[in-house]
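Visitor: With the sequence up front, the predicted model follows.
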Amino acid sequence: MKKFLWHYKRAKRDGYGLLFLWRAFLHFTHISSFIVFDRKGVKLYCHNDPFSFWLWKHKDELREDELFFERFLREGDTIIDAGANIGLLTLRGAMIIGEKGKLISIEPHPETFRWLKKNALLNQFSNIQFFNVAVGHKQQVISFTDFKIKDVNKISEKEGTLTLPLTTLDTLCGSLSRCMLLKIDVEGFELPALFGAEELLKKTDVVMFESSPRNFALQNYSLQDIFRYLELQGFSVYKVETDFTIHEVPPTYETLQKYENLFATKDLVFLEKRLNG
């Protein structure tokens with residue numbers, strides 16, 4: 001309640017107190033789940049989830065990842081979205097690659113997965129294959145959290161209250177002949193997911209992965225462990241700036257903010273041509 005009042009007072013001070021109360025009413029009564037909004041050509045439901053609600057209120061913000069997809073992807077590409085959440089990048093990717101392309105969308109949390117599929121159905125995309133599983137280094141059953149803020153749910157023996165299947169990316173996607181982009185955002189399980197993708201990585205052009213020091217530490221590894229593994233698979237790691245300039249990161253590089261996306265490729269010229277050619 002204190003947090004709610006703080007946000008209300010701030011909204012009132014900025015001149016939109018009544019709008020804040022109206023949106024809060026829609027959210028807490030779940031009425032917002034019937035609202036559909038457009039985000040640059042992609043339709044989304046305003047599910048009863050803080051991230052969905054935030055996107056509804058800020059339709060033109062947090063666009064960096066979508067802009068990378070728009071710049072990098074082409075019609076007919078095959079891409080994988082591991083950790084798809086409600087489908088923001090899945091939908092953007094599916095729209096770009098078209099019917100000739102293929103997108104594999106993976107989301108472990110059951111409720112979030114339902115929202116993901118509803119958003120895809122809303123957009124009538126037929127080029128998406130969905131998997132309601134977690135990805136890691138082997139096949140087993142794992143504990144998964146069920147936090148109210150769905151986009152931070154993760155594999156956790158300590159905090160997990162859900163029991164979900166874990167499988168490997170090689171198992172799900174090993175039959176692909178080529179993967180143009182493998183995007184991995186799995187809340188700290190990025191390295192195990194890469195361990196389980198050894199065969200897939202041989203056929204992957206670019207890996208886009210989230211670097212989060214805190215999440216890595218919770219799984220007892222570091223960003224340097226990811227660097228070493230990707231190097232063994234023939235990849236080098238880069239930062240892509242907002243103006244799409246590309247900088248190679250050294251082996252000692254550390255992510256200083258809460259999280260960021262880094263990019264790995266075996267062919268820098270290919271990446272540059274895709275982004276700036």
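Guide: Here it is on my side, so go on. Quantities reported herein were computed from a predicted structural model and do not represent experimental measurements.

Visitor: Please count neighbours and contacts with C-alpha atoms only from this point.
Guide: Noted.

Visitor: which residues of the stretch 1-150 of the chain fall in strands?
Guide: 36-39, 42-45, 78-82, 102-106, 128-131, 134-135, 140-144 (DSSP state E, counting those that start in this stretch).

Visitor: Pull the residues that contact the fifth one.
Guide: Read it as strand 128-131. Strand 128-131 is contacted by residues 94, 102, 103, 104, 105, 106, 107, 108, 117 when judged by C-alpha atoms under 8 Å, 6 or more residues apart in numbering.

Visitor: Would you mind measuring from the fourth one to residue 183?
Guide: What that stands for is residue 104. 10 Å (C-alpha to C-alpha, to the nearest Å).

Visitor: Now for these two: what residues contact both?
Guide: 79, 80, 81.

Visitor: Could you provide the residues you listed in TSV, with additional columns for pLDDT, distance to residue 266 and neighbour count?
Guide: Listed next are the shared contacts of residue 104 and residue 183 as TSV, based on pLDDT from 0 to 100; distance: C-alpha to C-alpha, whole Å; neighbours: other C-alpha atoms under 10 Å:
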residue	pLDDT	distance to residue 266	neighbour count
79	98	17	27
80	98	18	25
81	98	20	22
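
Visitor: Do I have it right that residue 247 meets residue 239?
Guide: Yes - between residue 247 and residue 239 there is a contact under C-alpha atoms under 8 Å: 5.2 Å.

Visitor: More neighbours: which of those two?
Guide: More crowded of residue 247 and residue 239, by other C-alpha atoms under 10 Å: residue 239, with 16 against 12.

Visitor: Next secondary structure element downstream of the helix or strand hosting the more buried one?
Guide: Secondary structure assigned from DSSP states H and E places residue 239 in strand 236-240. Proceeding N to C from strand 236-240, the next assigned helix or strand is strand 246-248, under DSSP H and E.
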